[in-house]
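**Student:** Kindly return the folded structure for what I paste below:
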Amino acid sequence: MTEVKTIDRLFVDKRDLEDFKRLREKDSPFAKAENKDIFLAAMVIGFNEQCKMELKTKEGWMMKSYLDDQDLALIRAIAIAEEGDLNVLLDEPKVFSIAEQYAAGGIRLLKDRVFGVDFGSYAKRLESDLLRTFEKIIKTKPEKKPTTEEIFDYSVDELLKIDENEKVEFKSSLIWDYKRKQKDKKIGEIVAKTISCFMNSKGGILLIGVNNQKEVIGIEQDLKTLENGSQDEFEIHFTNVIKKCLGTLYRKYIDIKFEESNNKTVFVVKVKKSPRPVFVKYKDESQFYVRQGNSCQPLNIEEAAIYIKENWPD
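**Tutor:** Just a heads-up that it's a prediction; the model follows:
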């Protein structure tokens, strides 16, 4: 099991310590505030102005345990707005790193506003900044991603509006190599590898007859390579590729159909998650792939063992 890093404190840049401490002095509206209040205010200003800086020399500023639920909600909301993906919440070190970088970018702006003469009542100014930050977070709140089951109901034209991602992939062909202008069995092996990635992850949908630019080129060139040039023969060829590269057992986790788009035929492959690990057979070797983002990534023996244990514990 991969060790999960825990966070017990938040850091500031050592170069900014004097600015953070200056805001605690008697003539500051933060004189009686806690360290976390200054940190959060600097973070909000940094985020609002999109001023983010890497920490060169870290200095502990406050313990995570001092943060209440509202403080944590604000930090997490900014991380979501920054990444545009709710999955960032699964990576706590990244969430707090984003907060630290925005605090580093905002501390001098905060100090200038507190002690400057151009901003009037700083309490009102900070209230305005918090409101603007909230509005910005709401505007950048990521839309809920469709599930695999929902994507299975999409038409080809609807799928073409989506970029390749962890659940959607486009391939130009199953048989024909457009670069070399000839048949090539490696094209089928690449398709099988993609299908294994979906089976080893959360499932997905593959469109054959669509290039990387999301242009529908159809499978007509593939059909010409077959003896009868029929869709039935194409389906048989596809099934043989799966049996050879993945094994006969896994064909039942795949649903297929032919769909017309732009007056061309697209082969739609809907892949379910497999109840057991799926290896791709290349000659005398077996390789294990998983879907990461919009690509398939191979895992070495150690990585594959950990992944299999985590995803198929039984």
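
**Student:** Do a quick rundown of the helices in the stretch 201-314 of the chain.
**Tutor:** Along the stretch 201-314 of the chain, the segments classed as helices by DSSP state H, counting those that start in this stretch run 220-224, 231-245, 301-311.

**Student:** Compile the ones you listed into JSON lines and extend it with columns for mean pLDDT and distance to residue 279.
**Tutor:** All C-beta spots, glycine's among them, are computed from the backbone N, C-alpha and C. What follows is those, written out as JSON lines (pLDDT from 0 to 100; distance: least, CB to CB, whole Å):
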{"stretch": "helix 220-224", "mean pLDDT": "96", "distance to residue 279": "26"}
{"stretch": "helix 231-245", "mean pLDDT": "97", "distance to residue 279": "9"}
{"stretch": "helix 301-311", "mean pLDDT": "91", "distance to residue 279": "9"}
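
**Student:** Quick one: closest of these to residue 81.
**Tutor:** helix 301-311 (29.4 Å; CB to CB).

**Student:** for the closest one, packing partners?
**Tutor:** Identification of packing neighbours for helix 301-311 by 3 or more CB pairs under 8 Å, 6 or more residues apart in numbering; DSSP states H and E yields strand 285-292.

**Student:** quick one: buried residues of the strand it packs on?
**Tutor:** 288-291 (16 or more other CB atoms under 10 Å).

**Student:** circling back: and the helices of the stretch 201-314 of the chain as CSV, adding mean neighbour count and distance to residue 190?
**Tutor:** CSV is the format used below for the helices of the stretch 201-314 of the chain (neighbours: other CB atoms under 10 Å; distance: least, CB to CB, whole Å):
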stretch, mean neighbour count, distance to residue 190
helix 220-224, 16, 14
helix 231-245, 16, 10
helix 301-311, 13, 20
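
**Student:** Could you save those as a markdown table and add columns showing distance to residue 87?
**Tutor:** A markdown table is the format used below for these (distance: least, CB to CB, whole Å):
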| stretch | distance to residue 87 |
| --- | --- |
| helix 220-224 | 36 |
| helix 231-245 | 30 |
| helix 301-311 | 16 |
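
**Student:** Nearest to residue 145 among these would be which one?
**Tutor:** The nearest among the helices of the stretch 201-314 of the chain, by CB to CB, is helix 301-311 at 19.6 Å.

**Student:** just to revisit the earlier point, residue 55: which of the helices of the stretch 201-314 of the chain is closest?
**Tutor:** Of these, nearest to residue 55 by CB to CB is helix 301-311, at 30.3 Å.

**Student:** Give the residue spans of the stretch 51-200 of the chain that score low on pLDDT.
**Tutor:** 116-144 (pLDDT under 70).

**Student:** can you pull out the strands in it?
**Tutor:** 58-63, 168-171, 176-177, 182-183 (DSSP state E, counting those that start in this stretch).

**Student:** so who does the nearest residue to residue 238 once chain neighbours are set aside touch?
**Tutor:** Excluding its sequence neighbours, the residue lying closest to residue 238 (CB to CB, 6 or more residues apart in numbering) is residue 174, at 6.2 Å. Residue 174 sits next to 187-188, 191, 208, 219, 222, 234, 237-238, 241, 267 when contact means CB atoms under 8 Å, 6 or more residues apart in numbering.
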